[in-house]
Every structure is written in structure tokens, then in C-alpha cells.
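Asks: pasting the sequence and the predicted model now:
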Amino acid sequence: MPRSVSPRTISRPASGNQGGAYGVQVLIAGRQKHWRDEVACQIRRAGYTATTVDCGVDAMTVLALGLPVDVLVTDVTLQGELCSAKLAVEARALRPDLRIVFASDLTDTVWCEAAGIAPRAMFVAPDPRADAVASTVREALASRD
């Protein structure tokens, strides 16, 4: 049974750019607060709404509750009960059309290990651009089947 999600674990902006029924919602899962904050800033600057969680269990709770999520961005190094690989598999089982983006600043070795886990997932390679994750999220949204 998933643990309850506390307001300290999930953070949402007070207001976000809304479009259509609810705008584009991006769920960000990563252990490192500075990483989550940096990615959330990129996502918000791109005009999307960001929700951040610090573990895979909380990310799955958000998805299981039926909250609107268009793209899941997860740190490829996420550990715990639901590491990034398991999170991607479980999230895709729950929501087959969910766009998944793996991001991190690690070496190509980690990418190769994660590449076969979630078909149709996208990867953000280490990139000096300040908007690398947001650009990949835009690509993921544009590639909807």
C-alpha cells in the first residue's frame, strides 16, 4: 500500500500557465532538491506546470490518484522502492500514453543501462544549455502518437 503523500513532499507552483482544460502538467521525480528545483524552473519557464516529488513511490501516488500528468521527468539515478527504472515501468503500466523523460548529469554508461527499460522514453544527455530538460519535454509532447 503506498504511503500517504505529505504537502512537504509534493510542491506545486501557486499559479501556472493554464491552457486548454488544465495546461501541460509535468511530474518531476528526483532525490536531489537542487536538481528538482532546477528542472521545475526550466519547466515553468517553458510555460508548463510542474509538480515535484522526491521519490518514486510519491510519483506513483500522484499518478494513481488520477491527477493530470502529461510528462514524467525522472532522474535516472533515482533510488528507493521505486527507482527510476521501476517507476517508468509502473507508470507506463498505469498510463500507457504517458511521456517519460529520463534526465541526469551522469555518464553515458547510465543511459545505456536505462535505454531498454521504457520503450518510447526520451533521454536528456548532459547538456550545457539551461533549457535542455524543457526542450526534451517539448519534443516528448510533440511526438504524441
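Replies: Received, thanks.

Asks: does Leu141 count as helix, strand or coil?
Replies: Here Leu141 is helix, with the state taken from DSSP: H, G, I helix; E, B strand; the rest coil.

Asks: ok, it touching Val71?
Replies: Yes: assessed by CB atoms under 8 Å, Leu141 is found in contact with Val71 at 6.6 Å. C-betas here are computed from N, CA, C, even on glycine.

Asks: and the gap between Arg36 and Gln42?
Replies: Per CB to CB, to the nearest Å, Arg36 is found 11 Å from Gln42.

Asks: which of these two has more residues huddled nearby?
Replies: Neighbour comparison, Arg36 and Gln42: the larger count goes to Gln42, with 24 against 20 (by other CB atoms under 10 Å).

Asks: follow-up on the earlier one: Leu141 and Val71: which is more packed in?
Replies: Neighbours were counted for Leu141 and for Val71 using other CB under 10 Å; Val71 has more, 22 against 14.

Asks: just the pLDDT for that one.
Replies: For Val71, the pLDDT comes out at 94.

Asks: what of Pro2?
Replies: 40.

Asks: what of Glu139?
Replies: Taking Glu139 on its own, its pLDDT is 78.

Asks: neighbours of it, just the number please.
Replies: 13.
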